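Engineer: sequence-free structure coming up:
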């Protein structure tokens, strides 16, 4: 595997994106106390709604990614979006009330939509010969960002550092990759964009052609489930550890770090070991293993056991998002690859928002997140069943 200037920029993009996505969940207990919707007193639905509200502008801008890429390519819209994402997270750091946090996260979500939509095709255009390997490897840096953020922020929160300072620090992370993408230097100009801009009519026609293919909707549903399972674990694990096990913010961050560590190991490992034609078997095996592991979450007897389960769940969850997208492109020959990546991400992100909210809403009734974690194995079983439907003798592309 060979990496260049734009590969390193993509690694930093994923780190900044993931740090902005998890700093609120890790700080949620402190943030909720500061802004008056304590989780222990029934505020879990309000906490889960933060990501659901963020999802709406995220999906809206993601849907526009095809037109943006057609007109300006991948690099420039991605650079501007990283700046917008960082600005929204920075605004969250100074929010005086819950409503302002919602507004700030919505603004951040608008930037994240373009990042989510274009970051994967950005890598795919760099490595068209073996995209699955490089996409899995680059997505590992999402988990690197999660791992670093939860460990550092958990320790600092436990030491009494304000959540506002931590959120502001995360906002600054986006400045470096934005500068790399927007730089007028020779390396920045060498990115392999499309040979000429595409008209909006051509982009729309390509998107409609994809939407008419029945196989696309199998992968759309699988991505919805994959996003829901992954982000339920990312968003709620730290809060569950603090509430159920009466643990500190540091322990909550450490638990999310175990999950992220499993994700890093899984994505880098699969990126090196698995060939493009093995992605389907990898996804199905991971769905089965992940369902078994996460079904044990509600009965975890101690915090060390819960940490071990989180690590194993991270390994199982790791290949879903990048591998489903890359395999979906392979199973839709003739379709515009950039648009397939964007449209499939438009399923994963709503899955993140919907299931994160649903888990919080279910837990609010009993002030107990444990049973609500059963949503995760349900997502993984549904994902596997959808992929099994995609057989050459069954659904036609």
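Structural biologist: Good, I have the coordinates. Since the model is a prediction, treat every value here as computed from it, not as a measurement.
Engineer: how about low-confidence regions in this structure?
Structural biologist: Counting by pLDDT under 70, the chain has low-confidence residues at 37-48, 51, 184-189, 194-198, 366-367, 392-397.
Engineer: end-to-end on stretch 370-380?
Structural biologist: Stretch 370-380 has an end-to-end distance of 17 Å (C-alpha to C-alpha, to the nearest Å).
Engineer: hmm, I was thinking of stretch 330-339
Structural biologist: Taking C-alpha to C-alpha as the measure, stretch 330-339 stretches 13 Å from start to finish.
Engineer: any chance you could list what contacts that stretch?
Structural biologist: If you take C-beta atoms under 8 Å, 6 or more residues apart in numbering as the criterion, stretch 330-339 is touched by 66, 69, 74, 118, 121, 124-125, 203, 206-207, 209-210, 213, 215-216, 219, 276, 279, 329, 340, 390, 397. Heads up, the C-betas are built off the backbone N, CA and C, glycines and all.
Engineer: how does it look with 6 Å?
Structural biologist: 66, 69, 121, 206, 207, 210, 215, 329, 340 (C-beta atoms under 6 Å, 6 or more residues apart in numbering).
Engineer: in a markdown table: the residues you listed, plus distance to residue 103 and neighbour count.
Structural biologist: Putting the contacts of stretch 330-339 into a markdown table (distance: C-beta to C-beta, whole Å; neighbours: other C-beta atoms under 10 Å) gives the following:
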| residue | distance to residue 103 | neighbour count |
| --- | --- | --- |
| 66 | 27 | 26 |
| 69 | 27 | 29 |
| 121 | 29 | 26 |
| 206 | 34 | 18 |
| 207 | 30 | 19 |
| 210 | 33 | 20 |
| 215 | 39 | 18 |
| 329 | 35 | 24 |
| 340 | 32 | 26 |
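Engineer: ok, so of those, who is nearest residue 177?
Structural biologist: Nearest to residue 177 out of the contacts of stretch 330-339 is residue 121 (C-beta to C-beta; 16.3 Å).
Engineer: tell me which two of the contacts of stretch 330-339 sit farthest apart.
Structural biologist: Among these, 69 and 215 lie farthest apart (C-beta to C-beta), at 22.8 Å.
Engineer: ok, and what's touching the helix or strand that contains residue 54?
Structural biologist: Per DSSP states H and E: residue 54 is located in helix 44-63. Contacts to helix 44-63, defined as C-beta under 6 Å, 6+ apart, come from residues 28, 37, 39, 102, 105-106, 109-110, 112-114, 116-117, 345-346, 349-350, 353, 356-357, 360-361, 363-364.
Engineer: after it, next one along is what?
Structural biologist: Past helix 44-63, the next helix or strand by DSSP H and E is helix 65-72.
Engineer: can you give the contact residues for that following helix?
Structural biologist: Outside helix 65-72, the residues within contact range by C-beta under 6 Å, 6+ apart are 77, 114, 117, 118, 197, 198, 200, 203, 338, 339, 342.
Engineer: how does it look with 10 Å?
Structural biologist: Contacts to helix 65-72, defined as C-beta atoms under 10 Å, 6 or more residues apart in numbering, come from residues 61, 74-78, 80-81, 113-118, 121-122, 125, 193-194, 196-204, 206-207, 210, 336, 338-339, 341-343, 345-346.
Engineer: in helices only, show me those.
Structural biologist: Per DSSP state H, helices hold the following members of the contacts of helix 65-72: 61, 75-78, 80-81, 113-118, 121-122, 125, 200-204, 206-207, 210, 338-339, 341-343, 345-346.
Engineer: list buried residues within the residues you listed.
Structural biologist: Buried residues within the ones in helices among the contacts of helix 65-72, counting neighbours by 16 or more other C-beta atoms under 10 Å: 61, 75-78, 80-81, 113-118, 121-122, 125, 203, 206-207, 210, 338-339, 341-343, 345-346.
Engineer: which residues touch residue 116?
Structural biologist: Counting by C-beta under 10 Å, 6+ apart, residue 116 makes contact with 17, 21, 58-59, 61-62, 65, 81, 85, 109, 321, 341-342, 345-346, 348-349, 352.
Engineer: how near is it to residue 284?
Structural biologist: Note on residue 116: its distance to residue 284, by C-beta to C-beta, to the nearest Å, is 25 Å.
Engineer: what of residue 264?
Structural biologist: Distance, residue 264 to residue 284, by C-beta to C-beta: 22 Å.
Engineer: more crowded one of those two?
Structural biologist: residue 264 (22 against 15; other C-beta atoms under 10 Å).
Engineer: and for the more buried one, nearest residue in space, chain neighbours not counted?
Structural biologist: Once flanking residues are discounted, residue 264 sits nearest to residue 143: 4.4 Å by C-beta to C-beta, 6 or more residues apart in numbering.
Engineer: next, the buried residues of stretch 90-100.
Structural biologist: Within stretch 90-100, the residues that qualify as buried are 90, 91, 92, 93, 95, 98, counting by 16+ other C-beta under 10 Å.
Engineer: tell me which of those fall in strands.
Structural biologist: Among those, no residue falls in strands (DSSP state E).
Engineer: so which of the residues you listed comes closest to residue 380?
Structural biologist: Once C-beta to C-beta is applied, the member of the buried residues of stretch 90-100 that ends up nearest residue 380 is residue 92, at 30.9 Å.
Engineer: and residue 236, how far is that from residue 321?
Structural biologist: Where residue 321 is concerned, residue 236 sits at a distance of 18 Å (C-beta to C-beta).
Engineer: ditto for residue 253
Structural biologist: Counting by C-beta to C-beta, the gap from residue 253 to residue 321 is 22 Å.
Engineer: and those two? Which one has more around it.
Structural biologist: Set side by side, residue 253 and residue 321 show more neighbours around residue 253, with 29 against 25, by other C-beta under 10 Å.
Engineer: need the contact list for that one.
Structural biologist: Counted by C-beta under 10 Å, 6+ apart, residue 253 has contacts 22, 25-27, 147, 149-158, 237-238, 241-242, 260.
Engineer: give the contact list for the closest residue to residue 171 other than its chain neighbours.
Structural biologist: With sequence-adjacent residues excluded and distances taken as C-beta to C-beta, 6+ apart, residue 171 is closest to residue 90, at 3.6 Å. Going by C-beta under 10 Å, 6+ apart, residue 90 touches 20, 104, 107, 108, 167, 168, 169, 170, 171, 172, 174.
Engineer: just the element for the closest residue to the third one other than its chain neighbours, please.
Structural biologist: In space, and not counting its chain neighbours, residue 107 is closest to residue 88: 3.7 Å by C-beta to C-beta, 6+ apart. Using DSSP H and E, residue 88 maps to helix 75-93.
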